[in-house]
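J.: build me a structure from this.
(4 chains)
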Protein chains: 4
Amino acid sequence: MARRTRVLRLATAGPSDTAPLAAAIDKGEVDPATIVAIVGKTEGNGCVNDFTRGYATLALKLLLGDRRVAIVMSGGTEGGLSPHLLVFCREEAQGVANGKRLAIGTGFTRDFKPEEIGRQAQINETAAAVASAMKEAGIASAADVHFVQIKCPLLTKERIEEAARRGTRTATDDTYHSMALSRGASALGVALALGEIKAASEAAVCKDWSLHSSVASTSAGVELLRNEIVVLGNAEGWAGDLLIGHDVMKDAIDADAPRRVRTQLGGEVVAVLAKAEAAPSGEIRGRRHTMLDDSDIHSTRHARALVGGVLAGVIGDTMLYVSGGAEHQGPAGGGPVAIIAKV
Amino acid sequence: MARRTRVLRLATAGPSDTAPLAAAIDKGEVDPATIVAIVGKTEGNGCVNDFTRGYATLALKLLLGDRRVAIVMSGGTEGGLSPHLLVFCREEAQGVANGKRLAIGTGFTRDFKPEEIGRQAQINETAAAVASAMKEAGIASAADVHFVQIKCPLLTKERIEEAARRGTRTATDDTYHSMALSRGASALGVALALGEIKAASEAAVCKDWSLHSSVASTSAGVELLRNEIVVLGNAEGWAGDLLIGHDVMKDAIDADAPRRVRTQLGGEVVAVLAKAEAAPSGEIRGRRHTMLDDSDIHSTRHARALVGGVLAGVIGDTMLYVSGGAEHQGPAGGGPVAIIAKV
Amino acid sequence: MARRTRVLRLATAGPSDTAPLAAAIDKGEVDPATIVAIVGKTEGNGCVNDFTRGYATLALKLLLGDRRVAIVMSGGTEGGLSPHLLVFCREEAQGVANGKRLAIGTGFTRDFKPEEIGRQAQINETAAAVASAMKEAGIASAADVHFVQIKCPLLTKERIEEAARRGTRTATDDTYHSMALSRGASALGVALALGEIKAASEAAVCKDWSLHSSVASTSAGVELLRNEIVVLGNAEGWAGDLLIGHDVMKDAIDADAPRRVRTQLGGEVVAVLAKAEAAPSGEIRGRRHTMLDDSDIHSTRHARALVGGVLAGVIGDTMLYVSGGAEHQGPAGGGPVAIIAKV
Amino acid sequence: MARRTRVLRLATAGPSDTAPLAAAIDKGEVDPATIVAIVGKTEGNGCVNDFTRGYATLALKLLLGDRRVAIVMSGGTEGGLSPHLLVFCREEAQGVANGKRLAIGTGFTRDFKPEEIGRQAQINETAAAVASAMKEAGIASAADVHFVQIKCPLLTKERIEEAARRGTRTATDDTYHSMALSRGASALGVALALGEIKAASEAAVCKDWSLHSSVASTSAGVELLRNEIVVLGNAEGWAGDLLIGHDVMKDAIDADAPRRVRTQLGGEVVAVLAKAEAAPSGEIRGRRHTMLDDSDIHSTRHARALVGGVLAGVIGDTMLYVSGGAEHQGPAGGGPVAIIAKV
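T.: Next up is the predicted model:
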């Protein structure tokens, strides 16, 4: 029996709106047992006190029950971005396609101890779990991996203190900074698994920006202790009419990158996933930006609005998954962009 | 003696940074006596309590002294927008170009009484001043006008009360709303002057969105009581190598509009001017946006970031004049975009 | 069998934190069947896009199941305000106190049609439901009512359109403004029920600020169509050691009002409930405030921070229920403050 | 000839409003030659991109010309705080008071090299300049010093790079953090000068919070390279009817501290100056606060609103100078409060 990846892109009316997914299930359009991952944009601020992510996750869990589904909610629909869910289903299919098709695999690391977050253990375990997810998806080559979405843990005051009581020190005492370290270490794990870099030492995390993955998209959350990984790529042996491609935006306004992916894939766009960040240099192509000096609006919010505008101009749609905080995910100030299309 | 319009696009390091303009004057690159208008983006919030506009204007007046220069500062460099000044000079030139070239004219209405703001008098006087500015610029046809930047007054508590003491009522008691009414009436005045609409009654101001100008860009400020008008177009009898063109973005992500202008003009982009607003329908091409429901970030800030991203993706530059609050300036949710290019 | 009102004040670690309440239930400290109302502060922005209220309400409903509990969540813990829940239980008791004690009653109107919100029907039905809640609580005199917390509906786009299809018009087309109208009409209903005003016509809603209640606290939410009312007062026939008192802050910095209540009640403070708003005049005791001109922070957020500071200075505690939007709840710029104390 | 300190507290209608001061000068109420310091609150965000401070300073310099006046503008009028200027004049007087009266002295360090900011040199030079300002004011004892307002430099990208070119390293590479280091080192300099601490090593700056001054109020700005110091105290040999007193708020809601100062001074309050900060512990008297987790509103804004409310409740006035960022200025989460009264 062959497999087929299905992707539903469902608009939401608010963080807790699961009605469109419930309706699809009720009508028999989706078998909830086939759902392996849900990736979504919610309309919070995407920063520390964004509770829309947890609210959406709780609402989805109430709908789906105890099933093991990787749920990654990214807050922040600045500019024109439109809140939505991407529901990934892995279904059984008759026969396979002639050629590669969209394949999905999931992987999970063991729980990390607080002192492992942002350090070598997180890099290495993530690399191993990415390799395992690729295998599950039947993706033969790293070149066929086009997006790796990871949800990773962060440090809380309690976790830092628990480590201290055991006589060990965590990578940072700053809970906010731990989000960046966890995202960064996870992205380096992806780069390592895919051979984008030869080695990744913990000393490079959030330090050596020359090391990065062109397909990693990582997001830190308080509600887990391990890394949960969704690998998207193209593979033989899958059915359906979906393909995925990706490219790297070299800076936030690099519209050529999504244009190249569209041209190469052809067909109808089903989903767009991208990372955004304010260029740490303070400039975009030599022009000063003010994102890092704005004490009213966090730079990640500016960056999502900007990249959302660039992508919407190319795609003609604002229902885009644009996520902020791109440590080691694409070059500094840029980031990966992936498109899933029906061909 | 012929005339030539020069445009300097000068990056600023902050609202009060006049050093680049001072340097250009000191080096003899610009004769301050030739400056007729300065249009700029400053890094405030672009809303009620944005003092960067006044700060920049004060700094420019200290540099330029008593010269009569139309100064229009627009706050808000959300997303990637880069703070800058566009300095328009009208110089004497030897001979004229073979064909039309960038022409500039300025016009000024009389001071308005408080009760005239947002009403028929403001519409009609603006129309007359636009016609006068066109004449000054030697622009023969409305089709050759590509951008009309207007600075217009607003109502303050004091002005409303002064009118009340004389027994008359202003168009609104809400000072914030008076900004929209003044911008709207001014834009209708432009549409009337250029024959874009046949008639404009005050009943239509901020009510009948089908009436709009495709070249108006209006901005309200507390520091004046009249409308100050800068008309940009192409005309015979001017020298130099600059041309201007425009189109209308039918919605905030209509990248085709600036692409068409670029293609038509060719050459090197010297300046980009556009208006942005959150679609009042709450949707962009059928997708929900959250700009109007966000109580943390004003919708005009979201809209500038979004349109700035769309334009930057097309132009490859973030030094763009994108201004918010587009009442009767392009269709609802869209707005005019003009490009000046060296051909 | 007599009755006794118990009040638990429980700190929360986030909007969905029901662990303290669950622990109290598990330990047998609280019988969930006795809970009649939960009033809480969550750490959202308290404005349109504050989803922490719904998140907290969902979490509480998951804990409490189908029980009929009036849940009122108020967003916004600006300044030093500390997120918490006030859980009101109505327990059976042996014997009654010697004198009046804290009494609680709840009331519910019928569902309102969209066109009734902010209008006469809402005023009158609210007045009737307040009277009914007083009776349920056995509060004999209006003078013994010290706080009336109401959750009331608002208009959505859909509700406005549904009314339009039936050929009727709602009180406003502006969903945000409908929150103020609903709060205002509900507060006038309280004032009417308690004899604070003789008559309340719908023409006075959000217009005639001289009409107001000194004990009403109303809050609009999207999740209901009726008014849910919690009346707190002192009455004979109740057991326990809790008393409630109230006073009216004549402006936002009127620290004498809470001081008077404390002095009068004595004992240990168990809960503080107050309303806050930015003085519409733009001034506090003749000094200009900037709350209404701040386009970065909503005035209701400033007002809660300010009143929270004034109260914390008097009470010595930041775990205070301070809620924004005080239409017809106390005088313009001021509001009611109630204290529950253990005597 | 004796001296007398005069204090004018002038409401402003906006950051550039110097009209009240100009009017006082025009009427002969103030001789501009006697102005030694102006301390003010402006209505910006008080954070990195607050340009209202520079705007106000420019407007004052345009009014006062080349006179050497210490100008300290503090942004942020959250909650109910009212924008205003405190103008300190040192006039000649006939005879002296019977007892101590308000005395003012100013001091200036040399310009600091970038690598000295936040380090030992800044601590030591500040201590010396405070001693010099005390001497100028004729204040005999440290116990008679009640407020030391300091404006200190910060690091910019350019200054950091200039130091790097000379082969030295600055105390931080983070320009925002340099503001805290400069404020902290300056406050330790005050504590050292006044004998509040015995020694202050640069290793303690923003590290050892047990070291602090109970009268220091420091504020970093980009527009200077040295520390400018205003010392306020009581001294023999001065005329007039003004006295100053101070106390330390042990936390943000410590209303007893300003109450004690009022009681001790008596008379009519002429000015109030205080520092505010969010308790780094995340708690106020054991209650969680959310200031440090709020990504929409900076914690310094919350803290000013809160402390402004506490003080307004005690003083009955919102025209208060409350400034944020209280490193080594009072205990963690608390800060100094000084009152000037007419006795």
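J.: in the stretch 1-150 of chain A, what residue comes closest to chain D?
T.: Using C-beta to the nearest C-beta, A:Cys47 is the residue of the stretch 1-150 of chain A that sits closest to chain D, at 3.1 Å. Placement of C-beta: from N, CA and C, glycine included.
J.: typed the wrong thing, it's the stretch 151-300 of chain A
T.: Among residues of the stretch 151-300 of chain A, the one nearest chain D by C-beta to the nearest C-beta turns out to be A:Ser295. It sits 3.1 Å away.
J.: pretty sure that residue contacts D:Asp50?
T.: Yes - using C-beta atoms under 8 Å, A:Ser295 makes contact with D:Asp50 at a distance of 7.4 Å.
J.: picking that back up, gap between the residue of the stretch 1-150 of chain A closest to chain D and A:Glu277?
T.: 13 Å (C-beta to C-beta, to the nearest Å).
J.: now do the shared contacts for the two.
T.: Residues touching both A:Cys47 and A:Glu277 (C-beta atoms under 8 Å, 6 or more residues apart in numbering or on different chains): A:Thr300.
J.: residues of the stretch 1-150 of chain A that sit close to chain B?
T.: Of all the residues in the stretch 1-150 of chain A, those in contact range of chain B (C-beta under 8 Å from any C-beta of the partner chain) are A:Ala11, A:Ala13, A:Glu43, A:Asn45, A:Thr77, A:Glu78, A:Gly79, A:Gly80, A:Leu81, A:Ser82, A:Pro83.
J.: restricting to these, which residues neighbour chain D?
T.: Among those, the residues that sit close to chain D (C-beta under 8 Å from any C-beta) are A:Asn45.
J.: ranking the residues of the stretch 1-150 of chain A next to chain B by neighbours, who comes first?
T.: With neighbours defined as other C-beta atoms under 10 Å in any protein chain shown, the most crowded of the residues of the stretch 1-150 of chain A next to chain B is A:Gly79; it has 39 neighbours.
J.: what's that residue in contact with, if anything?
T.: A:Arg304, A:Ala305, A:Leu306, A:Gly308, A:Gly309, B:Gly79, B:Met291, B:His302, B:Ala303, B:Ala305, B:Leu306, B:Gly309.
J.: out of those residues, who's the most crowded?
T.: For those, the largest number of neighbours (other C-beta under 10 Å) sits with B:Gly79, at 39 neighbours.
J.: may I have the phi/psi pair for A:Leu21?
T.: Torsion angles at A:Leu21 (phi, psi; degrees, to the nearest 10) stand at phi -70, psi -40.
J.: isn't it right up against A:Leu63?
T.: Yes - in terms of C-beta under 8 Å, A:Leu21 counts as a neighbour of A:Leu63; the distance is 6.5 Å.
J.: of all of the stretch 1-150 of chain A, which residue lies closest to chain C?
T.: For the stretch 1-150 of chain A, the residue closest to chain C is A:Tyr55, as judged by C-beta to the nearest C-beta, at 4.2 Å.
J.: my bad, should have said the stretch 101-250 of chain A
T.: With distances taken as C-beta to the nearest C-beta, the stretch 101-250 of chain A approaches chain C most closely at A:Val222, which sits 9.0 Å away.
J.: count of residues packed around the nearest residue to that residue once chain neighbours are set aside?
T.: Nearest-residue entry for A:Val222: A:Leu154, 5.9 Å, with adjacent residues in sequence omitted and distances by C-beta to C-beta, 6 or more residues apart in numbering or on different chains. Applying other C-beta under 10 Å, we find 24 residues neighbouring A:Leu154.
J.: touching, A:Leu154 and A:Ile117? I think so.
T.: Yes - in this structure, A:Leu154 sits in contact with A:Ile117. The criterion is C-beta under 8 Å, and the distance is 7.2 Å.
J.: okay, and the common contacts of these two?
T.: Counting by C-beta under 8 Å, 6+ apart, the residues touching both A:Leu154 and A:Ile117 are A:Ser178, A:Ser182.
J.: now the helix or strand A:Leu62 falls within - C-alpha only, CSV.
T.: Using DSSP states H and E, the element containing A:Leu62 is helix A:52-64. C-alpha atoms of helix A:52-64 as CSV (Å, rounded to 0.1, in the frame of the first residue of the first chain):
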residue,chain,number,x,y,z
THR,A,52,-2.7,32.5,21.3
ARG,A,53,-0.3,29.7,20.5
GLY,A,54,-1.3,27.8,23.6
TYR,A,55,-5.0,28.6,23.2
ALA,A,56,-5.0,27.2,19.6
THR,A,57,-3.0,24.1,20.7
LEU,A,58,-5.5,23.4,23.5
ALA,A,59,-8.4,23.8,21.1
LEU,A,60,-6.9,21.4,18.6
LYS,A,61,-6.1,18.9,21.3
LEU,A,62,-9.7,19.0,22.5
LEU,A,63,-10.8,18.3,18.9
LEU,A,64,-8.3,15.6,18.2
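J.: that helix packs against which elements?
T.: Helices and strands touching helix A:52-64, as assessed by 3 or more C-beta pairs under 8 Å, 6 or more residues apart in numbering or on different chains; DSSP states H and E, comprise helix A:19-26, strand A:35-42, strand A:70-75, helix C:52-64.
J.: and those as CSV, adding mean pLDDT and mean neighbour count?
T.: Listed next are those as CSV, based on pLDDT from 0 to 100; neighbours: other C-beta atoms under 10 Å in any protein chain shown:
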stretch, mean pLDDT, mean neighbour count
helix A:19-26, 98, 16
strand A:35-42, 97, 25
strand A:70-75, 94, 24
helix C:52-64, 96, 21
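J.: report the distance from the helix-or-strand element of chain A with minimal mean pLDDT to the chain centre.
T.: The element with the least model confidence among the helices and strands of chain A, by mean pLDDT, DSSP states H and E, is helix A:157-165, at a mean of 91. How far helix A:157-165 lies from its chain's middle: 28 Å, per C-alpha atoms, centre = their mean, to the nearest Å.
J.: so which bits of the following helix or strand past that helix are buried?
T.: Downstream of helix A:157-165, the next assigned helix or strand under DSSP H and E is helix A:175-193. Along helix A:175-193, these residues count as buried under the neighbour rule (16 or more other C-beta atoms under 10 Å in any protein chain shown): A:175, A:178-193.
J.: could you do stretch A:226-234 as well?
T.: By neighbour count on 16+ other C-beta under 10 Å, the buried set for stretch A:226-234 is A:Arg226, A:Asn227, A:Glu228, A:Ile229, A:Val230, A:Val231, A:Leu232, A:Gly233, A:Asn234.
J.: and which of the contacts of A:Gly79 is nearest C:Ala239?
T.: Out of the contacts of A:Gly79, the one with the shortest distance to C:Ala239 is B:Met291. That distance is 53.7 Å, counting by C-beta to C-beta.
J.: identify the residue nearest A:Ala171 in space, chain neighbours excluded?
T.: Leaving aside its chain neighbours, A:Ala171 sits nearest to A:Gly118 (3.9 Å; criterion: C-beta to C-beta, 6+ apart).
J.: still on that earlier bit, tabulate the buried residues of stretch A:226-234 (TSV), appending secondary structure and pLDDT.
T.: Converted to TSV, these look like this (DSSP: H, G, I helix; E, B strand; the rest coil; pLDDT from 0 to 100):
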residue	secondary structure	pLDDT
A:Arg226	coil	96
A:Asn227	coil	96
A:Glu228	strand	94
A:Ile229	strand	96
A:Val230	strand	97
A:Val231	strand	98
A:Leu232	strand	98
A:Gly233	strand	98
A:Asn234	strand	98
